[in-house]
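Q: structure here, sequence nowhere to be found:
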Ligand SMILES: Nc1ncnc2c1ncn2[C@@H]1O[C@H](COP(=O)(O)OP(=O)(O)OP(=O)(O)O)[C@@H](O)[C@H]1O
Ligand SMILES: O=C(O)[C@H](O)[C@@H](O)[C@H](O)[C@H](O)CO
């Protein structure tokens, strides 16, 4: 793989699961942006409040630094919901590519129900969708439908990214 990858999407779209699977397949390091949130952000989300731009800004800088530290390849699962958040990541790491895990509210709600105890309350899913801005045509990345098995998502990603680069 030659450049870092961000697995993006709303909460519960499968970023952590799919990101780890892609990293294992590509034999590159994996990290989850959830592990880089300061405690205040986790406390805010746990209390049912969505993060805002100010909450996300310093956190995105730490994610961008991780990407820049992995020029030979690495996979980071990170919501990266807005275009300007992705611009911030690109400012640190111009080579970064994205895969957007795209799914419906209904599919994701069912999956969130199967992981009770996660700090992100399902009530915040609507705000995640409101905040989400799709990848622009000028952004390096691909979109994959999440309504399929993890193995199929990984295979489709590998096929799509090979096609994209040719
Ligand atoms: N393709 C899939 N098929 C079935 N279950 C899935 C799939 N992808 C993810 N899941 C399950 O859905 C739940 C949410 O996935 P995951 O935690 O990876 O999402 P996430 O985007 O990282 O969420 P968050 O950002 O909120 O941490 C988990 O229980 C996971 O096992
Ligand atoms: O930008 C955001 O709002 C956050 O990254 C959230 O998406 C959560 O951290 C994550 O998805 C956990 O559910």
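A: Right, received. Where do you want to start? The shown structure was predicted, so the numbers you read here are calculated from the model rather than taken from an experiment. Numbers count the residues shown, from 1 in each chain. Ligands and ions are numbered 1, 2, ... in the order given.

Q: from the contact counts, what lies against the helix or strand that contains residue 61?
A: Using DSSP states H and E, residue 61 sits within helix 53-68. In terms of contacts (3 or more CB pairs under 8 Å, 6 or more residues apart in numbering; DSSP states H and E), helix 53-68 is packed against helix 39-46, strand 75-77, helix 83-92. Every C-beta, even on glycine, is put in place using the N, C-alpha and C of the backbone.

Q: just name the most buried of these.
A: Mean neighbour count (mean count of other CB atoms under 10 Å) peaks for strand 75-77 among the helices and strands packed on helix 53-68, with a mean of 27.

Q: so which bits of the chain are right by ligand 2?
A: By CB under 6 Å from any ligand atom, the part of the chain that sits against ligand 2 consists of 11, 34, 51, 56, 79, 81, 120, 128.

Q: for ligand 1, state which of those is nearest.
A: Nearest to ligand 1 among these is residue 11, at 3.3 Å by CB to the nearest ligand atom.

Q: do a quick rundown of the strands in the protein.
A: Using DSSP state E, the strands of the chain run over 5-8, 30-32, 75-77, 97-102, 141-145.

Q: quick one: those strands as a markdown table, columns for mean pLDDT too.
A: Output for these, formatted as a markdown table (pLDDT from 0 to 100):
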| stretch | mean pLDDT |
| --- | --- |
| strand 5-8 | 98 |
| strand 30-32 | 98 |
| strand 75-77 | 98 |
| strand 97-102 | 98 |
| strand 141-145 | 97 |
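
Q: now tabulate these in JSON lines and tack on distance to residue 112.
A: As requested, the strands of the chain are exported to JSON lines (distance: least, CB to CB, whole Å):
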{"stretch": "strand 5-8", "distance to residue 112": "17"}
{"stretch": "strand 30-32", "distance to residue 112": "16"}
{"stretch": "strand 75-77", "distance to residue 112": "16"}
{"stretch": "strand 97-102", "distance to residue 112": "14"}
{"stretch": "strand 141-145", "distance to residue 112": "18"}
